[in-house]
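Asks: just a sequence and a predicted model for now, questions to come.
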There are 2 protein chains.
Amino acid sequence: MAGVTVAGKTRVSSDSLVAEVLAGRTRAVARLITRAEADEAECRPALAEIYRHTGRAHVVGITGVPGSGKSTLVRALAQRVRRDGRTVAVVAIDPSSPFSGGALLGDRIRMSEIAGDPGVFIRSMATRGALGGLARATLDAVDLLDAAGFDLVIIETVGVGQDEVDVVQAAYTTVVVSAPGLGDDIQAIKAGILEIAHIHVVSKCDRADANKTITDLKNMLILGLPRDAAGAWMPSVIATSAETGEGIDDLMAAIDGHRSFLDESGGFEAQRRHIAEKRTLKIAEDIIRRRFRARHDAALDALLDQVGAREMDPHAAATRLLATLNEGSEHDQGA
Amino acid sequence: MAGVTVAGKTRVSSDSLVAEVLAGRTRAVARLITRAEADEAECRPALAEIYRHTGRAHVVGITGVPGSGKSTLVRALAQRVRRDGRTVAVVAIDPSSPFSGGALLGDRIRMSEIAGDPGVFIRSMATRGALGGLARATLDAVDLLDAAGFDLVIIETVGVGQDEVDVVQAAYTTVVVSAPGLGDDIQAIKAGILEIAHIHVVSKCDRADANKTITDLKNMLILGLPRDAAGAWMPSVIATSAETGEGIDDLMAAIDGHRSFLDESGGFEAQRRHIAEKRTLKIAEDIIRRRFRARHDAALDALLDQVGAREMDPHAAATRLLATLNEGSEHDQGA
């Protein structure tokens, strides 16, 4: 196996892990995800190669506000996928503590009961207090799992913040989870993500106040929620219960139904193109941020000192900065 | 007054509103905030001029997870500021519904009881489902209020999502509001913002379980939470109650104390420079996004088609794109 020697130890090169990923070896997948998270320039050519082998998996985004029960739903859905004999991977964006280094969520523990199954792969992306680059690394992880042959790849994010919404919209099918009985603040955040749903789930439908949530959602859909370019798809509302298992079969059927709709209507190509566009733009922003951080020179210092001292406004400084940032472009191509 | 005639009506130019803003006329402030929200290139030179007149107000960022009671706290703090004879403005980032166009939050209504006072200015920034540019517009609003002579400008955001955290970190003093008795998901999100606090507030301290929240925070501070470059400042933990009014005087003293610390330690200049840097970078990202969206040509279409078809990876496409985007730079300078 090809490798480079670092500090006396042979480190397997990312390029040599590509074949292992394509052969479905999850250990190689996990290693490349870790390298993608660290944003190692070394693994960029490997990820570029992996990307060419993607497009087979159905990618499903599942999002919901805190307390919506989306992690429980994802677990139930993963189990349901396995019952058909299909394999499933979950990439969860985990708002872990930046100082403890560990997740405070119970999600990982709750997930562990299906973690012994080789047809299931679960990965939490650590945000470590800095979301910059997280969207990119998450989609790199999805690519790796797609190329490794998983039938379904689920992206799970908490539905707050534009980065999280962007990530979940990189899926072909987006599921937004609502729950009855959430507070005002949460409801307002929820409203901001409802329009991205191909499928709505109302979790905790065993609760007495669930019917109101279901009715509200259905009324909103009738009134004509703005929808994305995929066109004539009419989002459905599915009631689920973690207690009784109700609705999980319906959700599975709705996800498969949405994929069939995309394939048959020709919407799939449009959506794939739309995702490519958003993703490319996001990476372009990442690159700008990296180039900016990598720059330490007197000209930049002087520019920012002027902004701090109110001698130049930040918009003028940003425009000047962009004009000079392309000089560093050769550093972004990877090793 | 200088103006341009549009559709038979004289529209006041943004440039001619600058003098009114500097004279403290809030109607002119409100108009320019609206134009900044719409990202009108026409108002860019006016905002650049306004920026030169900023730096007098103390800018305070107040953030907290949904349900932390931060809006109630902001209202109480605004009333407290007024009792000293100082003026106060609040810029709230409002996750309003993208389809109703209106806020679902009760915040605006709860705020209205102090809205009759000319020494108080309150503005909700409408996110309308798209956070891109919101951070920029919010800070433009803060500039306008600073230049108009408000003594204290409060930025209030829900503490979820990187954009919101970035905005609140553009303040000199950042207050993070925690509350007892929140769910697991919320706690995890909260953990992601604790390290940005100069001052911690535990709201709802009349609740029986508040002491645990206070103790947990204090222990975390003793264990050494990573802190920003401002240095040796030790965050305090203040217990407040909207029921009894407890802690609001302490919070006011802590905010004023932090500002004095910055002034006396020389940390103020460093923080002002740090804010200038983050803000300039954020605007550079915005400009890239705008240039990208403004571009509709066959070369870009072909590039994105290749990404969609897996013939080119999105990172390579983004790098190519950036190399060509500076061609459009003259469009970003405003009218």
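Replies: On my side now, so go ahead.

Asks: surely A:H315 touches B:K282?
Replies: No - the pair A:H315 / B:K282 is not scored as a contact, 10.5 Å apart, by C-beta atoms under 8 Å. (Glycine included, C-beta is placed from N, CA and C.)

Asks: those two: who's more crowded?
Replies: A:H315 (25 against 21; other C-beta atoms under 10 Å in any protein chain shown).

Asks: can you tell me the closest non-neighbouring residue to the more buried one?
Replies: B:I283 (5.5 Å; C-beta to C-beta, 6 or more residues apart in numbering or on different chains).

Asks: repeat that for A:E277.
Replies: Of all residues not flanking A:E277 in the chain, B:L304 sits nearest, at 5.1 Å (C-beta to C-beta, 6+ apart).

Asks: now A:D209
Replies: A:P180 is the one closest to A:D209 (C-beta to C-beta, 6+ apart), at 4.3 Å.

Asks: what about the one you found, how many neighbours?
Replies: A:P180, neighbours per other C-beta under 10 Å, totals 19.

Asks: still on that earlier bit, surely the residue nearest to A:E277 is in a helix?
Replies: Yes - counting by DSSP: H, G, I helix; E, B strand; the rest coil, B:L304 is located in a helix.

Asks: isn't it up against A:H274?
Replies: No - using C-beta under 8 Å, B:L304 is not in contact with A:H274; the gap is 9.1 Å.

Asks: these two: which is more packed in?
Replies: Using other C-beta under 10 Å as the criterion, B:L304 and A:H274 rank with B:L304 on top: 23 against 18.

Asks: what about the strands in chain A?
Replies: A:3-6, A:9-12, A:58-64, A:88-94, A:120-126, A:152-158, A:173-178, A:199-202, A:236-239 (DSSP state E).

Asks: nearest to chain B, of those?
Replies: strand A:152-158 (6.5 Å; C-beta to the nearest C-beta).

Asks: counting by contacts, list what the closest one packs against.
Replies: When contacts are defined as 3 or more C-beta pairs under 8 Å, 6 or more residues apart in numbering or on different chains; DSSP states H and E, strand A:152-158 sits against strand A:58-64, helix A:70-83, strand A:88-94, helix A:134-147, helix A:162-168.

Asks: against chain B, how distant is the residue nearest to A:D39 when sequence neighbours are not counted?
Replies: For A:D39, ignoring the flanking residues on the chain, the nearest one in space by C-beta to C-beta, 6+ apart is A:G133 at 5.5 Å. Applying C-beta to the nearest C-beta, to the nearest Å, the value for A:G133 to chain B is 10 Å.

Asks: and the residue found closest to A:G247 once you drop the neighbours it is linked to in the chain, what's its pLDDT?
Replies: Excluding its sequence neighbours, the residue lying closest to A:G247 (C-beta to C-beta, 6+ apart) is A:T240, at 3.4 Å. We have a pLDDT of 96 for A:T240.

Asks: which residues sit in contact with A:T240?
Replies: A:73, A:76, A:201-203, A:205, A:246-248, A:250-251 (C-beta atoms under 8 Å, 6 or more residues apart in numbering or on different chains).

Asks: the residue nearest to A:D39 against A:D286, yeah?
Replies: Yes - with contact defined as C-beta under 8 Å, A:G133 reaches A:D286; the gap is 5.7 Å.

Asks: show me the shaky parts of the stretch 51-200 of chain A.
Replies: A:94-115, A:126-132, A:159-162, A:183-189, A:191-192 (pLDDT under 70).

Asks: burial count for the closest residue to A:G245 other than its chain neighbours?
Replies: In space, and not counting its chain neighbours, A:G245 is closest to A:A76: 6.9 Å by C-beta to C-beta, 6+ apart. A:A76 has 21 neighbours, counted by other C-beta under 10 Å.

Asks: which stretches of the stretch 201-335 of chain A form helices?
Replies: A:210-222, A:248-265, A:267-294, A:298-308, A:314-325 (DSSP state H, counting those that start in this stretch).

Asks: redo those helices as a markdown table? Include mean pLDDT.
Replies: As requested, these are exported to a markdown table (pLDDT from 0 to 100):
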| stretch | mean pLDDT |
| --- | --- |
| helix A:210-222 | 87 |
| helix A:248-265 | 96 |
| helix A:267-294 | 86 |
| helix A:298-308 | 90 |
| helix A:314-325 | 87 |
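
Asks: and of those, who's closest to B:A170?
Replies: helix A:314-325 (10.1 Å; C-beta to C-beta).

Asks: end to end, how far does stretch A:241-250 reach?
Replies: The straight-line separation of the ends of stretch A:241-250 (C-alpha to C-alpha, to the nearest Å) is 12 Å.

Asks: and A:D15, how many neighbours does it have?
Replies: 14.

Asks: same question, A:M234
Replies: 9.

Asks: what sits against it?
Replies: Counting by C-beta under 8 Å, 6+ apart, A:M234 makes contact with A:L221.

Asks: try it again at 10 Å.
Replies: The contact partners of A:M234, by C-beta atoms under 10 Å, 6 or more residues apart in numbering or on different chains, come to A:198, A:221-222, A:227, A:261.

Asks: before we move on, what about A:G181?
Replies: A:67, A:204, A:207-210, A:212-213.

Asks: mind putting those residues in a markdown table, neighbour count included?
Replies: Converted to a markdown table, the contacts of A:G181 look like this (neighbours: other C-beta atoms under 10 Å in any protein chain shown):
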| residue | neighbour count |
| --- | --- |
| A:G67 | 21 |
| A:K204 | 23 |
| A:R207 | 16 |
| A:A208 | 8 |
| A:D209 | 10 |
| A:A210 | 20 |
| A:K212 | 13 |
| A:T213 | 24 |
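
Asks: residues contacting the nearest residue to A:L194 once chain neighbours are set aside?
Replies: Excluding its sequence neighbours, the residue lying closest to A:L194 (C-beta to C-beta, 6+ apart) is A:V176, at 6.1 Å. Counting by C-beta under 10 Å, 6+ apart, A:V176 touches A:61-65, A:68, A:70, A:159, A:168, A:190, A:193-201, A:217, A:235.

Asks: go with 8 Å
Replies: A:63-64, A:159, A:193-194, A:196-197, A:199-201.

Asks: now do A:A316
Replies: Contact analysis of A:A316 by C-beta under 8 Å, 6+ apart lists B:A48.

Asks: can you tell me how far it is from B:G266?
Replies: Distance, A:A316 to B:G266, by C-beta to C-beta, to the nearest Å: 27 Å.

Asks: just to revisit the earlier point, return the most buried member of the helices of the stretch 201-335 of chain A.
Replies: Across these, averaging neighbours per residue (mean count of other C-beta atoms under 10 Å in any protein chain shown) puts helix A:314-325 on top, at a mean of 21.

Asks: and that one with helix A:298-308, angle?
Replies: Here helix A:314-325 points in a direction 170 degrees away from that of helix A:298-308 (axes from the mean of the first three to the mean of the last three C-alpha atoms, to 10 degrees).
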